[in-house]
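Undergrad: quick check, what structure comes out for this input:
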Amino acid sequence: MDNLSLNAQAIVLLSAYFNKGDKPLTVMEYAKFAIWLKERGREPGDLLKEQATEILKGWEDKKITLERIEKLLARGNAMAIALQKWQNAGIWILTRADVEYPRRLKKRLGHKAPPLLYGAGDKKILKTRGVAIVGSRNVGNEDLEFSYELGKKLALCGYSVVSGGARGVDEASMMGSIEAQGTTIGVLADGLLKKVLSKKYRQAIMQGNLVLITPFYPEGRFSVGNAMGRNKYIYTLADTAIVVHSGKRGGTWEGAKENLRHKWVPLFVKESDDTEAGNSELIDMGGMPLSRTILKDEAIEYLFEVSQKEKKLNEENKKTDLLKQEKNEAIGLSLDEMILELLSKERLPIKKIAEKIDEEEKSIKKCIDKLVKSGEIQKHRNRPLQFSRILKLPGMDNI
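TA: Numbering: from 1, shown residues only. Have a look, this model is predicted:
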């Protein structure tokens, strides 16, 4: 890691944990600060090339104080010691400034993509086509065997397995892929340093079949927060996903719901006879049922065909939006004017306005705020908050 660019070094200093008492920037804190720098034509590496105090003039934030930033940037010695230790164990670091950083994370998560990824193994595996396999830690032998055989089948079909490395479904699916000499991505919530050195994974890493990554401190212990937080990275690094077994609460359950909500990748859910499982509920929420017979299917490309259909649908939706915009422009109606026309007829909340105009709520809210400030519409303190147009008598516009 001696070849870390200045940008990468600055990102590590701002975002990495080295010693007790460190308070590195969180993902969202770093995103906020990075945006501020970019708006001023700056990048993180400039903080190490020039006087940071000069560059930071004008920066104000109650949580991300100047003192905190300067203290983080002054940890050069601690960074050098930690990097050397991790490098000796075969651990590398990718920052959002690096070309090898997974594009999928940036595309699907935007500013919520982690500024740092710690890892070990062949980085090229992060670009392969893969299936996320997720599930509970405490499952029966049938689900463990299914997970193992599914990982093995995907490997033999030429696809990577993406999972979380936890006991149960995750580990079983990864071991199935590894033993079939397939490519595997393990997204860990804790203990990267320990797992990199374990016999279970070391050989696969050395053979170039396994990459282990984490956005968290490589020497960190298990925490529920990190385990829940890494779920999004499992989904967003894959092309499609399979839930083998889920409870009705916990990490697998919340992660699957989060993926359904954000529509990162298609979600298949294994049919289950377990009355305590949440599999059927996930199917009701929009997951697609997956038969146990997938292990006998000769072709499993249908797992990816759904993804292609959704991609095509998204492209068609973009074209529709563009045509709609062109139509509005042709008849001379801006978004503001459409909102005013609508609100002159009835009171409506933002959600209903967005539905009627067929626009994103975010865009509607921005226009609403502007129109309220200009005095063209008014708020009605209902629940939810509603708005209507202020109708003025002729000749009273300037009063």
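Undergrad: chain center to the host helix or strand of Ala204: distance?
TA: Secondary structure from DSSP states H and E places Ala204 in helix 199-206. Relative to the centre of its chain, helix 199-206 is centred 27 Å away, using CA atoms, centre = their mean, to the nearest Å.
Undergrad: renumber starting at 18 from here on
TA: Got it, the first residue is 18 from now on, which makes the last one we talked about helix 216-223.
Undergrad: helix or strand right after that helix?
TA: Sequence-wise, the next helix or strand downstream of helix 216-223 (DSSP H and E) is strand 227-231.
Undergrad: mind listing what's buried in that following strand?
TA: Neighbour-count burial for strand 227-231, counted by 16 or more other CB atoms under 10 Å, picks out 227-231. Glycine gets a C-beta too; all of them are placed from N, C-alpha and C.
Undergrad: now distance to Leu122 and pLDDT too, for the residues you listed, in CSV please.
TA: Converted to CSV, the buried residues of strand 227-231 look like this (distance: CB to CB, whole Å; pLDDT from 0 to 100):
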residue, distance to Leu122, pLDDT
Leu227, 19, 98
Val228, 14, 98
Leu229, 16, 98
Ile230, 10, 98
Thr231, 13, 98
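Undergrad: now those residues in TSV, with distance to Val261?
TA: Rendered in TSV, the data for those read as follows (distance: CB to CB, whole Å):
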residue	distance to Val261
Leu227	20
Val228	22
Leu229	21
Ile230	21
Thr231	22
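Undergrad: picking up where we left off before, tell me the mean pLDDT for the helix holding Ala221?
TA: Regarding helix 216-223, the rounded mean pLDDT is 94.
Undergrad: picking that back up, from the buried residues of strand 227-231, pick the one nearest Gly107.
TA: Set against Gly107, the nearest of the buried residues of strand 227-231 by CB to CB is Leu229 (9.8 Å).
Undergrad: coming back round to it: CA atoms only for the helix holding Ala221, dumped as PDB, please.
TA: What follows is helix 216-223, C-alpha atoms only, in PDB (Å, rounded to 0.1, in the frame of the first residue of the first chain):
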ATOM      1  CA  LYS A 216      -7.300 -22.000   6.900                       C
ATOM      2  CA  LYS A 217     -10.900 -22.000   5.800                       C
ATOM      3  CA  TYR A 218     -10.400 -19.100   3.300                       C
ATOM      4  CA  ARG A 219      -6.600 -18.700   2.900                       C
ATOM      5  CA  GLN A 220      -6.100 -21.200   0.100                       C
ATOM      6  CA  ALA A 221      -9.000 -19.900  -1.900                       C
ATOM      7  CA  ILE A 222      -7.700 -16.400  -1.600                       C
ATOM      8  CA  MET A 223      -4.200 -17.500  -2.700                       C
END
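Undergrad: mind listing what's buried along that helix?
TA: Buried residues in helix 216-223, counted by 16+ other CB under 10 Å: 218, 221-222.
Undergrad: how about the contacts made by Gly147?
TA: 171, 176-179, 200, 202, 254-256 (CB atoms under 8 Å, 6 or more residues apart in numbering).
Undergrad: what do you get for Glu117?
TA: Per CB under 8 Å, 6+ apart, neighbours of Glu117: 111, 140, 143.
Undergrad: same deal with Tyr34?
TA: Contacts for Tyr34 (CB under 8 Å, 6+ apart) come out as 41, 234, 237.
Undergrad: wait, what's in contact with the spatially most central residue of the chain?
TA: Nearest to the geometric centre of the chain sits Leu126, at 4.0 Å (CA atoms, centre = their mean). Contacts for Leu126 (CB under 8 Å, 6+ apart) come out as 249, 253.
Undergrad: where in the protein is pLDDT low?
TA: Within the chain, the stretches with pLDDT under 70 are 18-19, 323-350, 409-416.
Undergrad: now the strands: where do they sit in it?
TA: For the chain, the strands defined by DSSP state E cover 109-112, 133-138, 147-152, 177-180, 201-204, 227-231, 257-262, 284-287, 305-307, 365-366, 394-397, 403-406.
Undergrad: possible to save those as CSV with distance to Trp76?
TA: Listed next are the strands of the chain as CSV, based on distance: least, CB to CB, whole Å:
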stretch, distance to Trp76
strand 109-112, 21
strand 133-138, 21
strand 147-152, 38
strand 177-180, 38
strand 201-204, 33
strand 227-231, 30
strand 257-262, 40
strand 284-287, 41
strand 305-307, 47
strand 365-366, 36
strand 394-397, 33
strand 403-406, 35
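Undergrad: nearest to Glu293 among the ones you listed would be which one?
TA: When the strands of the chain are compared by CB to CB, strand 257-262 sits nearest Glu293, at 9.8 Å.
Undergrad: each with direction, which strands does the closest one pair with?
TA: strand 147-152 (parallel), strand 284-287 (parallel) (DSSP bridges).
Undergrad: against Ile86, how distant is Lys80?
TA: 11 Å (CB to CB, to the nearest Å).
Undergrad: so which of the two has more stuff around it?
TA: Ile86 (20 against 10; other CB atoms under 10 Å).
Undergrad: of the buried residues of strand 227-231, which is the nearest to Gly75?
TA: Nearest member of the buried residues of strand 227-231 to Gly75, counting by CB to CB, is Thr231, at 34.5 Å.
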